[in-house]
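1. Next comes the sequence, and after it the predicted model I'd like to discuss.
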Amino acid sequence: MLENAATRYCTPEVKFSSKEWNIDGKKVLEVSIPRSDEIPHRAPDHNNKQKAYIRVNDQNILASGIQMKIWQKNNTNNVIQFVYSEDAKKFLSMFFDDKPITLSNIIANSNLSRYKTENMLADLVIMKVLVMIVDEFTASFLLNEAVEKEYLY
C-alpha cells in the first residue's frame, strides 16, 4: 500500500525504504525517506488537487506561498539581483534583534507590497542572508548567524 501511494499519487515519485519489526507480538513498520533533490513533491489533497508539501520533523506540512517562491527561484537559471537600497536597509534592520519574525509581521512592518516583501524574503533566503524557520503553523525569518551585521548598515 505504501509503495502504491509513493509511486501512484506522489509527483515526483517518493523514494523510500522500509523495515518490518516485531515488537511484543505487534508488527511495526519503519519507513525511511531520504532527502530528495527533486523538489517540490506533490500529492493530492482531499479535493484531489495536487499540493506541495515540506517535511517538518515527523509531519508533512503544506508548503507556503513563500516556500513555493523559493523553490521556483531556485529551479530557474535566473541570477538574483539584490539592490541594497534604502528600502532594503530598512527591511533588513527588522532582523537585527536576532528574533524570528513571522511573515505577517514582516509584511505589516515593511512598508512594501506583499508581492515585493515575499520576493525580497525569497531572494534573501536563497542568498543565505536570512533563514526561514517553518513549523506546523507558520513560517518565520531570522538573520543568518553567519551574516555580520556591520556589513548591513
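-> Sure thing, it's come through. Bear in mind the structure is a predicted one, so any value in this text is a computation, not a measurement.
2. So I133, which state does it fall into?
-> strand (DSSP: H, G, I helix; E, B strand; the rest coil).
3. Sorry, slip of the keys, the one I care about is A6.
-> Per three-state DSSP, A6 ends up helix.
4. That one contacts F16, doesn't it?
-> Yes - here A6 reaches F16: they are 6.0 Å apart, a contact under Cβ atoms under 8 Å. The way it works is simple: take the backbone N, C-alpha and C, and place the C-beta from them, glycine included.
5. Look at the two and report which has more neighbours.
-> A6 (17 against 12; other Cβ atoms under 10 Å).
6. Could you report the pLDDT at that one?
-> Note for A6: predicted pLDDT of 85.
7. Near the residue nearest to it when sequence neighbours are not counted, how many other residues are there?
-> Counting by Cβ to Cβ, 6 or more residues apart in numbering, A6 lies nearest to V14, which is 4.3 Å off, once chain neighbours are set aside. For V14, the neighbour count with other Cβ under 10 Å is 18.
8. Wait, V14 touches H41, no?
-> Yes - at 6.0 Å, V14 counts as touching H41 under the criterion of Cβ under 8 Å.
9. which stretches of the chain form strands?
-> 17-23, 26-32, 41-44, 50-56, 59-62, 101-102, 130-134, 139-143 (DSSP state E).
10. and of those, who's closest to M1?
-> strand 26-32 (10.2 Å; Cβ to Cβ).
11. can you give me the angle the closest one makes with strand 17-23?
-> 150 degrees (axes from the mean of the first three to the mean of the last three Cα atoms, to 10 degrees).
12. Give the pairing partners of strand 26-32; include direction for each.
-> Taking DSSP bridges as the criterion, strand 26-32 forms sheet pairs with strand 17-23 (antiparallel).
13. And the strand it pairs with, what's buried?
-> Within strand 17-23, no residue is scored as buried using 16 or more other Cβ atoms under 10 Å.
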